[in-house]
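K.L.:
Make a model of this:
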Amino acid sequence: MTLMDQMLDRGRRARAAADALRLAPPETRTRALEAAAAALRVRAGAILSANAGDIDRARANGLSEALIDRLALSPARLSAVADAVAEVAALPDPLGRETARWTRPNGLDIARVATPIGVLAIIYESRPNVTADAAALCLRSGNVALLRCGSDCLSSSLAIHAAMVEGLEAAGLPADAIQLIDTPDRAAVGALLTGLEGSVDLLIPRGGKSLVARVQAEARVPVLGHLEGLNHTYVHAAADPDMAEAVLVNAKMRRVSVCGATETLLIDRACAPALLPRLAAALGAAGCSLRGDSDSRALVPSITEASAADWTTEYLAPILAVRVVDDLDQAVEHIRRHGSGHTEAIITEDEAAAAAFLNAVDSAIVMWNASTQFADGGEFGFGGEIGIATSRLHARGPVGAEQLTSYKYVVRGTGQIRG
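P.N.:
Numbers count the residues shown, from 1 in each chain. You can find the predicted model right below:
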């Protein structure tokens with residue numbers, strides 16, 4: 001068969017599996033997830049070996065260290081992946097929930113009930129853990145997963161996928177409920193964007209700006225967008241200096257390659273002379289280089305001059321843009337102009353200022369006195385995430401199992417007819 005024929009066949013098998021998965025009781029899907037988590041632990045050696053091969057090839061191909069960090073699995077990271085699948089298994093089942101119910105004057109009983117979306121095509125790049133996270137969340141929510149990983153993590157993802165399928169089979173569910181497209185041919189992505197003759201209900205891109213832009217431009221089915229994390233931490237004039245230092249260094253440097261990392265520091269002019277040198281020193285000691293405006297450079301001469309592009313760059317590296325702002329209004333305006341709608345934080349002891357910031361900033365996640373690195377489905381208690389949705393339709397923020405459901409209306413009558 002041609003690649004398109006193969007993809008259409010995958011779509012047909014996915015649609016058939018979706019019907020079986022939708023009708024499976026919650027206990028069956030729970031057993032599948034528990035068995036998958038166990039299989040990830042049993043297969044750890046094979047998965048880590050496959051990952052080592054992916055890393056060797058990535059380095060040979062000149063992949064940056066930041067992207068290699070996204071790609072790399074250690075025993076601890078793989079254990080966390082298995083733990084996340086087990087945590088998803090323990091989540092309340094999101095299907096069948098009545099999100100509203102009411103009775104009309106004519107006696108009709110109407111309920112809005114959560115249902116699976118159907119078949120989800122998830123396209124992602126160099127994160128093999130997404131293979132497990134996405135598969136687990138789709139299974140918990142009764143959706144079939146069509147997974148297309150980046151070629152950089154194909155061997156790792158295939159090894160993880162085998163464990164997820166083992167879980168399905170242990171629970172008597174169809175193996176086609178979690179499919180990993182096993183070709184690096186980029187034409188496979190183009191095939192998914194067509195919707196595979198109606199088999200795909202929703203596309204979820206998780207990756208760089210170019211990938212998301214292509215999916216949004218070419219897809220013939222709905223897309224749940226996940227844009228880059230152009231995240232800001234705003235240090236307000238009433239910030240506690242110790243807290244500001246601890247939170248900012250964590251927000252930037254805990255892991256620079258995650259989408260929740262802070263990429264721009266905004267600091268109030270009133271506190272910048274005393275506090276910015278301290279923050280710059282702490283960031284420098286952690287290995288971070290700074291690029292700033294003229295006001296920040298006047299206070300800390302070691303900061304290099306920022307270009308216009310620095311305000312709109314997701315570095316995913318130990319680099320931070322710095323701007324001194326006049327007040328909260330100017331900080332909010334900067335975020336509106338340059339942010340991607342992902343995650344923004346304010347550090348302040350002024351409750352009124354915090355409330356104003358949380359209200360004025362319309363990003364998917366807004367925070368007060370907390371590191372932006374908490375922008376993560378696991379940290380939200382979702383057991384994992386497929387991504388951080390930055391659009392305003394259907395879901396925003398971390399996309400977990402509950403966010404992967406739709407609904408239908410169930411109407412119960414006693415013989416009513418409409419006049």
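K.L.:
What ranges does this structure have for its helices?
P.N.:
3-23, 26-42, 44-60, 65-71, 75-90, 129-140, 154-170, 187-193, 209-218, 241-253, 272-285, 294-299, 328-338, 351-360 (DSSP state H).
K.L.:
Wait, residue 79 touches residue 37, no?
P.N.:
No: counting by C-beta atoms under 8 Å, residue 37 is not a contact partner of residue 79; they are 10.4 Å apart. Quick note: C-beta positions are derived from backbone N, CA and C, even for glycine.
K.L.:
Most tightly packed of the helices of the chain?
P.N.:
Highest mean neighbour count of the helices of the chain: helix 129-140, a mean of 28 (counted as mean count of other C-beta atoms under 10 Å).
K.L.:
And that helix, what does it pack against?
P.N.:
helix 26-42, helix 75-90, strand 119-124, strand 144-148, helix 154-170, strand 178-180 (3 or more C-beta pairs under 8 Å, 6 or more residues apart in numbering; DSSP states H and E).
K.L.:
about what we covered before: using a markdown table, lay out the helices of the chain together with mean pLDDT and distance to residue 378.
P.N.:
What follows is the helices of the chain, written out as a markdown table (pLDDT from 0 to 100; distance: least, C-beta to C-beta, whole Å):
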| stretch | mean pLDDT | distance to residue 378 |
| --- | --- | --- |
| helix 3-23 | 97 | 24 |
| helix 26-42 | 98 | 14 |
| helix 44-60 | 97 | 19 |
| helix 65-71 | 86 | 16 |
| helix 75-90 | 96 | 6 |
| helix 129-140 | 96 | 9 |
| helix 154-170 | 98 | 17 |
| helix 187-193 | 96 | 26 |
| helix 209-218 | 85 | 22 |
| helix 241-253 | 98 | 16 |
| helix 272-285 | 98 | 26 |
| helix 294-299 | 98 | 34 |
| helix 328-338 | 98 | 25 |
| helix 351-360 | 97 | 23 |
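K.L.:
just to revisit the earlier point, indicate which one of the helices and strands packed on helix 129-140 is closest to residue 217.
P.N.:
Among these, strand 119-124 comes nearest to residue 217, with 13.4 Å by C-beta to C-beta.
K.L.:
got the angle for the closest one vs helix 129-140?
P.N.:
For strand 119-124 against helix 129-140, the angle by axes from the mean of the first three to the mean of the last three C-alpha atoms, to 10 degrees is 170 degrees.
K.L.:
Okay, now the sheet partners of strand 119-124, with direction.
P.N.:
Using DSSP bridges, the strands paired with strand 119-124 in its sheet are strand 144-148 (parallel), strand 202-206 (parallel).
K.L.:
residues contacting the nearest residue to residue 31 once chain neighbours are set aside?
P.N.:
Spatial nearest neighbour of residue 31, excluding adjacent residues (C-beta to C-beta, 6 or more residues apart in numbering): residue 171 at 4.2 Å. Counting by C-beta atoms under 8 Å, 6 or more residues apart in numbering, residue 171 touches 28-29, 31-32, 35.
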